[in-house]
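> The sequence and its predicted three-dimensional model are supplied below.
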Amino acid sequence: MKKLLLKFSFLFLILAFFLNCQNPFAPPVIGPGTFKPIARQTSPDSVLYNFKYAYEYRDLVVYENCLDKDFIFFYKDQDQASQTGEVWWPVYRDGKSGDIYRTNWLFRVFDDIRLDTWIIIVPADSTEVDTLTQEVWKVRNVNFHLSLRDMNGDYNYEHLEASGFARFLFKKSEDGWWRIVRWYDRSI
């Protein structure tokens, strides 16, 4: 009986040692880079899953990997829309006024970010052809409600909300993973 107990104790110590060497909460590394995806970006839907995760957990690394190198965010200028019709403004991925810079600021300012409504809709015509490159991009529409809160009071306890519809266009990047190439925000 002592030998059996000793064997189980030894086996338990070895198992405990190996479990302590791994972090069960760290997502696995995929591919040649250091990016650790929450979901493998093997489809537009998995990219949107990572996108939502990145917003809610304010994870700029995951967010950045959701975007293609040629990513452009388009939004409507609500102030000018009533005067001149719809005015769409592009925001490119990188640079001082780029989307990643702005999103980093958003993640720093707001302590609580929620996408409580996040309904992915696959349109009947789920592809679109880029007029310049003739690439075929996948399309997903998302109905969303975004809530942003400054819980610490660093920015006067600001609370902002936006609801609406977003149109995302995806392409398979050079590394084989799907990423967002265009995002059209139609929030109100």
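That came in fine, so what should we check first?
> name the element Trp183 belongs to?
Using DSSP states H and E, Trp183 sits in strand 178-187.
> Shouldn't Asp175 be within a helix?
No - looking at Asp175 with DSSP: H, G, I helix; E, B strand; the rest coil, it is coil, so not inside a helix.
> what about stretch 56-76, start to end distance?
One end of stretch 56-76 sits 23 Å from the other (CA to CA, to the nearest Å).
> Pull the distance from it to the chain's centre.
Centroid displacement of stretch 56-76 relative to its chain, using CA atoms, centre = their mean, to the nearest Å, is 6 Å.
> what helix or strand does Arg108 sit in?
Here Arg108 is assigned to helix 99-109, by DSSP H and E.
> just the angle between that helix and strand 178-187, please?
Angle of helix 99-109 versus strand 178-187, following axes from the mean of the first three to the mean of the last three CA atoms, to 10 degrees, is 70 degrees.
> average model confidence for helix 99-109?
For helix 99-109, the mean pLDDT works out to 94.
> Quickly note the distance from His159 to Tyr55.
Distance, His159 to Tyr55, using CB to CB, to the nearest Å: 16 Å. Where C-beta positions appear, they are placed from N, C-alpha and C, glycine not excepted.
> and if you look at Met151?
16 Å.
> who's more crowded, these two?
Set side by side, Met151 and Tyr55 show more neighbours around Tyr55, with 23 against 11, by other CB atoms under 10 Å.
> before we move on, which element is the residue nearest the centre of the chain in?
The C-alpha lying nearest the average C-alpha coordinate of the chain belongs to Phe51 (CA atoms, centre = their mean; 1.6 Å). In the assignment (DSSP H and E), Phe51 maps to helix 44-56.
> That helix: which residues count as buried?
Of the residues in helix 44-56, those with enough neighbours to count as buried (16 or more other CB atoms under 10 Å) are Pro44, Ser46, Val47, Leu48, Tyr49, Asn50, Phe51, Lys52, Tyr53, Ala54, Tyr55.
> Then stretch 175-188?
Trp177, Trp178, Arg179, Ile180, Val181, Arg182, Trp183, Tyr184, Asp185.
> can you pull the pLDDT of the third one?
To tie it back to what came earlier, the one meant is Arg179. Per-residue pLDDT puts Arg179 at 97.
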